[in-house]
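Student: Return atomic coordinates for the entry below.
(one chain, ligands or ions: 2)
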Amino acid sequence: MAGASVKVAVRVRPFNARETSQDAKCVVSMQGSTTSIINPKQSKDAPKSFTFDYSYWSHTSAEDPQFASQQQVYRDIGEEMLLHAFEGYNVCIFAYGQTGAGKSYTMMGRQEPGQQGIVPQLCEDLFSRVSKNQSAQLSYSVEVSYMEIYCERVRDLLNPKSRGSLRVREHPILGPYVQDLSKLAVTSYADIADLMDCGNKARTVAATNMNETSSRSHAVFTIVFTQRCHDQLTGLDSEKVSKISLVDLAGSERADSSGARGMRLKEGANINKSLTTLGKVISALADMQSKKRKSDFIPYRDSVLTWLLKENLGGNSRTAMIAALSPADINYEETLSTLRYADRTKQIRCNAIINEDPNARLIRELQEEVARLRELLMAQGLSASALGGLKVDEGSPGGALPAISSPPAPASPSSPPAHNGELEPSFSPNAEPQIGPEEAMERLQETEKIIAELNETWEEKLRKTEALRMEREALLAEMGVAVREDGGTVGVFSPKKTPHLVNLNEDPLMSECLLYHIKDGVTRVGQVDVDIKLTGQFIREQHCLFRSIPQPDGEEGPWHPDSGGHPGAL
Ligand code: ADP
Ligand code: MG
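Tutor: Ligands and ions are numbered 1, 2, ... in the order given. As a prediction, the model looks like this:
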């Protein structure tokens with residue numbers, strides 16, 4: 001099979017404080033693009049070696065000539081993928097590895113000079129290239145969405161109104177998509193940086209409220225990049241669209257080997273479903289390439305993650321994976337398993353094609369579908385108006401809309417559907433001519449809605465984006481999360497003078513942090529009629545209160561929580 005193989009890089013981080021204090025040994029070494037690992041229990045055995053597109057030695061610091069910085073990782077992988085996006089290909093970068101191995105550091109990084117990860121560097125580069133390429137013939141648009149998959153449920157990280165989970169659906173023409181996921185119009189790097197920040201905070205808020213750990217969820221940041229070219233000679237417009245998917249996967253360690261204690265049973269069953277399925281999909285795709293087995297059976301549909309990333313994994317995409325490695329001897333088994341996973345991923349090839357004029361074609365195809373459905377309804381003696389009573393509430397995610405059914409895309413073989421989580425049940429292609437009037441009607445309405453979205457003007461999109469931004473801010477303010485005067489939320493920088501609470505979550509790996517200010521006087525915490533609003537299983541309506549008494553000399557005085565009869569719960 002032709003096509004480009006998935007680019008695979010591995011990266012080893014420095015020791016963390018705990019490993020240093022425990023005198024951990026480094027079991028990983030790198031030579032050029034080869035990574036070797038020794039078994040600390042059998043150190044006389046020959047090391048196991050693997051070769052990748054890149055092996056990044058980030059175990060030391062910048063003084064080491066071998067050291068791979070955030071910029072280097074971006075230049076090798078991020079920039080290449082961005083250039084493919086400009087060519088009009090779909091691209092995907094995903095980070096894999098054990099919790100704490102450096103996935104989020106590699107993807108998002110820290111908000112300090114030189115510490116930014118691939119995602120912010122790519123977004124910045126995208127806008128700087130766009131501004132350099134400005135011309136009368138060319139125009140660009142950028143839209144982003146940010147979602148989290150936790151226990152097979154999809155959560156919109158940019159829309160505060162969407163509290164529950166969104167439905168993953170399949171459209172006969174569009175393929176798999178998340179219904180009602182917000183797609184925000186952005187015009188500058190600052191816009192994107194702001195959304196990333198909000199999304200990361202929403203992740204923290206959700207995890208805090210639901211008592212989850214962020215290490216168990218997948219974060220998918222998507223940029224839809226459209227380039228329009230107006231030919232002055234012919235007067236014709238042409239368009240290239242690229243979907244850039246940037247994925248920070250959940251920790252790859254087995255759920256029972258770390259931190260799974262106290263987890264509800266249902267979560268336990270679902271928690272790694274997406275990751276397990278990703279492993280199966282990668283194995284099946286790799287086997288297909290090496291022809292070990294005539295695998296025409298790729299279990300994309302078995303999880304939300306693989307279903308949504310279907311194109312990125314085996315289809316129309318340029319894809320890169322970065323596997324984050326821990327250097328420490330105690331993590332030997334997990335690190336070896338990550339290396340093997342990366343080694344398998346190397347074999348996958350994707351057939352990327354340039355997406356030329358996809359919207360025009362899409363709208364045409366969707367309109368044909370609308371016409372076909374209308375005919376079908378007519379043939380059944382029903383007109384759209386006669387079916388008015390079936391009108392569904394379009395705005396509500398997770399509403400009463402049943403699945404849109406369609407056969408799986410013929411190009412990529414899929415397995416039968418899995419009846420799990422939010423994945424919609426599927427349908428046999430042969431059943432298609434017999435769809436009932438209700439189903440045809442729903443499909444008609446859904447398709448018309450998609451056409452309307454595709455036809456929305458840029459101004460309308462910007463207006464929607466602004467409305468959502470205001471809602472997000474109002475929500476954070478309502479929760480008592482500290483908000484700067486310019487409206488931005490306060491991130492990891494603690495105010496020196498004012499007493500405050502830092503995000504109330506037991507997960508020390510949470511990369512984002514929330515600040516709640518304790519005012520002079522009384523600050524009430526709980527669910528109803530409070531200054532700091534927390535929701536969650538164990539939070540009472542009036543949970544506790546804080547009293548802050550300023551000293552006469554102007555210094556902040558001692559402050560102490562007044563427990564509302566629920567000691568130790570916060
Ligand atoms: P993961 O997302 O895989 O769970 P993180 O990216 O959060 O892991 O990394 C865990 C910790 O290690 C974080 O404090 C992070 O800043 C630090 N870290 C990870 N990789 C590097 C690196 N290459 N250089 C410096 N610090 C790193
Ligand atoms: Mg992480």
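
Student: Which positions are bridged to the residue of the stretch 251-400 of the chain found nearest ligand 1 in the beta structure?
Tutor: At 5.1 Å from ligand 1, Ala324 is the closest residue in the stretch 251-400 of the chain, using CB to the nearest ligand atom. Glycine gets a C-beta too; all of them are placed from N, C-alpha and C. In this entry, Ala324 is beta-bridged to Arg11, Gly97, by DSSP bridges.

Student: who touches it in this structure?
Tutor: Residues counted as contacts of Ala324 (CB atoms under 8 Å, 6 or more residues apart in numbering) are 10-11, 13, 95-98, 101-103, 105-106, 338.

Student: Can you give me the distance of it to Gln22?
Tutor: Look at Ala324 and Gln22: by CB to CB, to the nearest Å, they are 20 Å apart.

Student: With neighbour count and distance to ligand 1 as extra columns, can I get the contacts of Ala324 in JSON lines?
Tutor: Shown next, in JSON lines, are those (neighbours: other CB atoms under 10 Å; distance: CB to the nearest ligand atom, whole Å):
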{"residue": "Val10", "neighbour count": "27", "distance to ligand 1": "12"}
{"residue": "Arg11", "neighbour count": "26", "distance to ligand 1": "6"}
{"residue": "Arg13", "neighbour count": "22", "distance to ligand 1": "3"}
{"residue": "Ala95", "neighbour count": "27", "distance to ligand 1": "7"}
{"residue": "Tyr96", "neighbour count": "26", "distance to ligand 1": "9"}
{"residue": "Gly97", "neighbour count": "28", "distance to ligand 1": "5"}
{"residue": "Gln98", "neighbour count": "24", "distance to ligand 1": "7"}
{"residue": "Ala101", "neighbour count": "27", "distance to ligand 1": "4"}
{"residue": "Gly102", "neighbour count": "24", "distance to ligand 1": "3"}
{"residue": "Lys103", "neighbour count": "29", "distance to ligand 1": "3"}
{"residue": "Tyr105", "neighbour count": "20", "distance to ligand 1": "3"}
{"residue": "Thr106", "neighbour count": "27", "distance to ligand 1": "7"}
{"residue": "Thr338", "neighbour count": "23", "distance to ligand 1": "10"}
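
Student: Tell me the residues of the chain that contact ligand 2?
Tutor: The chain comes close to ligand 2 at residues Lys103, Ser104, as judged by CB under 5 Å from the ion.

Student: ok, and the helix or strand in the chain with the lowest average confidence?
Tutor: The helix or strand of the chain with the poorest confidence is strand 559-563; it has a mean of 48 (mean pLDDT, DSSP states H and E).

Student: and Glu19, which of the three is it?
Tutor: helix (DSSP: H, G, I helix; E, B strand; the rest coil).

Student: State the distance from it to Ile173.
Tutor: From Glu19 across to Ile173, the span is 51 Å (CB to CB).

Student: and if you look at Leu501?
Tutor: Counting by CB to CB, the gap from Leu501 to Ile173 is 49 Å.

Student: The two - which one has more neighbours?
Tutor: For Leu501 versus Ile173, the count of surrounding residues by other CB atoms under 10 Å is larger for Leu501: 19 against 14.

Student: so what's the more buried one scoring on pLDDT?
Tutor: Here the pLDDT value assigned to Leu501 is 75.

Student: Any regions of the chain where pLDDT drops low?
Tutor: Scanning the chain for pLDDT under 70 picks out 1-3, 163, 207-214, 254-271, 292-295, 382-434, 480-498, 502-514, 552-570.

Student: how about the residues of it near ligand 1?
Tutor: By the rule CB under 6 Å from any ligand atom, the part of the chain lying against ligand 1 is 13-14, 16, 58, 97, 99-105, 215, 251, 324, 509, 511.
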